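1. coords below, sequence missing:
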């Protein structure tokens, strides 16, 4: 009987951990979202994900300016629901002269690494010369963590073998770095 109590206690602790670390991915219709009055930047939605932790609701948006514009612009945004209203928590614009950015809808990962009810979201996108959309110059792993952005990048000039990190990457807790690098290294090795 004593072993049964221990087993039940262990199961309860595991279930509590899983509930507190739960991530929910809710499908969002990109066309309807694009036509809504949601306050995202850009004209064309490339990726929109509603990803919730146990303590927060988030919408991650990757959008671009009008197709055919002289300068390609990628808008990267995180919105979090606060008191029933969506607030912009992260907003970044990528616009490099002569560069076209490409997003990958199937290259992303979500986790609550620290089991704090907040989503850690990792997306991968690439930068290409506007005259060569078949071969990227850079591929970027972009982490949203506690309303900050962190990156790991590989570049063509190092044959996509050497990782380059944003200056703030080293400030991430080790388990969060491990989450990013585990996914990233697998991705890079399969490219």
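-> Structure's in. What do you need? The structure displayed is predicted, hence computed values, not measured ones.
2. for the strand ranked longest in the chain, packing partners?
-> As assigned by DSSP state E, the longest strand anywhere in the chain is strand 99-111. Helices and strands touching strand 99-111, by 3 or more CB pairs under 8 Å, 6 or more residues apart in numbering; DSSP states H and E, are strand 44-52, strand 120-129, helix 174-190. Bear in mind the C-beta positions are built from the backbone N, C-alpha and C, glycine included.
3. now, of those, which is deepest in the fold?
-> strand 120-129 (a mean of 20; mean count of other CB atoms under 10 Å).
4. which secondary structure elements does the next helix or strand after that strand sit against?
-> Per DSSP states H and E, strand 120-129 leads on to strand 136-145 as the next helix or strand towards the C-terminus. Applying 3+ CB pairs under 8 Å, 6+ apart, one finds that strand 136-145 contacts strand 120-129, strand 148-155, helix 174-190.
5. among those, which comes closest to residue 27?
-> strand 120-129 (15.9 Å; CB to CB).
6. I'd like the mean pLDDT over the closest one, please.
-> Averaged across strand 120-129, pLDDT comes to 98.
7. between that strand and strand 99-111, how big is the angle?
-> Between the axes of strand 120-129 and strand 99-111, defined by axes from the mean of the first three to the mean of the last three CA atoms, to 10 degrees, the angle is 160 degrees.
8. okay, now the sheet partners of strand 120-129, with direction.
-> Strand 120-129 has its sheet partners listed here by DSSP bridges as strand 99-111 (antiparallel), strand 136-145 (antiparallel).
9. pick the most deeply packed of the ones you listed.
-> strand 136-145 (a mean of 22).
10. by how many degrees do that strand and helix 174-190 diverge?
-> Using the same axes, to 10 degrees: strand 136-145 against helix 174-190 is 160 degrees.
11. pass me the low-pLDDT residue ranges in the chain, would you?
-> 1-21 (pLDDT under 70).
12. now the helices and strands packed on strand 136-145 in JSON lines, with distance to residue 78?
-> Supplementary listing: the helices and strands packed on strand 136-145 in JSON lines, determined by distance: least, CB to CB, whole Å:
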{"stretch": "strand 120-129", "distance to residue 78": "8"}
{"stretch": "strand 148-155", "distance to residue 78": "9"}
{"stretch": "helix 174-190", "distance to residue 78": "16"}
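13. nearest to residue 106, of the ones you listed?
-> Of the helices and strands packed on strand 136-145, nearest to residue 106 by CB to CB is strand 120-129, at 9.4 Å.
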